[in-house]
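> give me the fold of what follows.
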Amino acid sequence: MASLLLLTHSPRSSAEILPALGLLNHTVKVMAPEISLLLDAPPAQIILMDAKQDLPLVKSFCRLMHTTGLSIPVLLITTEGGLVAITAEWGVDDVILATAGPAEVEARLRLALGKYQNAQSSEPTEITSGDLVINENSYVVKLRGKTLDLTFKEFELLKFLAAHPGRVFTRAQLLSEVWGYDYFGGTRTVDVHIRRLRAKLGNDYESLIATVRNVGYRFVQQKEINDAAKPSYDYQ
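Okay, here's the model as predicted:
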């Protein structure tokens, strides 16, 4: 079962936009195609973009998504007539006709997901630090066995920091690495997401993300935190 994010301006349900989805066992969340919402979207393995109408607008949005540092496959849902307008310029991974049957849709989702997983196969699929486990393929973060409810960018930010424990990153560096060079927001975005991450980690684990004054942030291994908390004894 895959986690899908369907972006559409339509008030219709996902099963109405792509009827085959109603016959498949996938988790589908529906959102409006707005960059501000996408940055705080729940983690997903595949994005489905409703391209059944307003093709110029959809094309612009697809190209804009890449400026956010998006690293998951994007599949367009369109009509027979819409196929003639779609080119490589759109920057999408595949196209699904709205009339496609469940077997075809399932195959396209599986292939798109497999392509990205194979591209990342040389990298570790999990990052572990004490009670914190970050699964890069499933976009799931668990803390003491409990799944954290993170947005896509919160996940990406935590994953990036945890992949470089101890290293200090400036806000500008984090903005570039996590959001992408072309992101139009300011470094304040980083502070907001760090604050949200710490709140979700909770009081016992918020210190995993340390502030380095006048510089930026770094990820602290849980062992380092535990060692610092141990009492020291003077035997002199």
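> how close does Gly216 sit to Thr87?
When distance is defined by CB to CB, to the nearest Å, Gly216 is 40 Å away from Thr87. Where C-beta positions appear, they are placed from N, C-alpha and C, glycine not excepted.
> between these two, who's got more neighbours?
Between Gly216 and Thr87, counting by other CB atoms under 10 Å, Gly216 is the more crowded of the two (20 against 9).
> what's the pLDDT at that one?
Gly216 is assigned a predicted lDDT (pLDDT) of 94.
> tell me what it is bridged to.
Thr170, Val212 (DSSP bridges).
> that one: what's it in contact with?
168-171, 173-174 (CB atoms under 8 Å, 6 or more residues apart in numbering).
> could you pull out the strands in this structure for me?
3-7, 27-31, 46-50, 74-78, 94-97, 126-129, 132-135, 140-143, 146-147, 168-170, 209-212, 216-219 (DSSP state E).
> pull out the buried positions in the first one.
By neighbour count on 16 or more other CB atoms under 10 Å, the buried set for strand 3-7 is 3-7.
> over to stretch 29-47?
Residues of stretch 29-47 classed as buried: 30-31, 33, 38-39, 41-47 (neighbour count, 16+ other CB under 10 Å).
> about what we covered before: could I get the strands of the chain in a markdown table, plus columns for distance to Gly202?
Output for those, formatted as a markdown table (distance: least, CB to CB, whole Å):
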| stretch | distance to Gly202 |
| --- | --- |
| strand 3-7 | 24 |
| strand 27-31 | 24 |
| strand 46-50 | 30 |
| strand 74-78 | 33 |
| strand 94-97 | 39 |
| strand 126-129 | 15 |
| strand 132-135 | 11 |
| strand 140-143 | 8 |
| strand 146-147 | 10 |
| strand 168-170 | 23 |
| strand 209-212 | 12 |
| strand 216-219 | 16 |
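> out of those, which is closest to Glu104?
strand 94-97 (7.6 Å; CB to CB).
> partner strands of the closest one and their direction?
strand 74-78 (parallel).
> pLDDT on the strand it pairs with, on average?
93.
> using CSV, list the CA coordinates for that strand.
The C-alpha trace of strand 74-78 is given here as CSV (Å, rounded to 0.1, in the frame of the first residue of the first chain):
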residue,chain,number,x,y,z
VAL,A,74,4.8,13.2,-9.8
LEU,A,75,2.2,11.6,-12.0
LEU,A,76,-0.4,13.5,-14.0
ILE,A,77,-4.0,12.5,-14.3
THR,A,78,-5.4,13.7,-17.6
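> okay, the angle between that strand and strand 3-7?
On the basis of axes from the mean of the first three to the mean of the last three CA atoms, to 10 degrees, strand 74-78 is oriented at 50 degrees to strand 3-7.
> and the contacts of strand 74-78?
With CB under 8 Å, 6+ apart, strand 74-78 has contacts from 17-18, 46-52, 55, 58, 62, 65, 86, 90-98, 108-109, 112.
> re the thing from before, of the buried residues of strand 3-7, which is the nearest to Val190?
Taking CB to CB as the measure, Leu5 is the one of the buried residues of strand 3-7 closest to Val190, at 22.8 Å.
> check contacts around the residue nearest to the closest one when sequence neighbours are not counted.
Leaving aside its chain neighbours, Leu5 sits nearest to Ala44 (3.8 Å; criterion: CB to CB, 6 or more residues apart in numbering). Residues counted as contacts of Ala44 (CB under 8 Å, 6+ apart) are 3-5, 29, 72, 139, 152.
> which one of the residues you listed is nearest Ala103?
Using CB to CB, the contacts of Ala44 come closest to Ala103 at Leu4, 16.8 Å.
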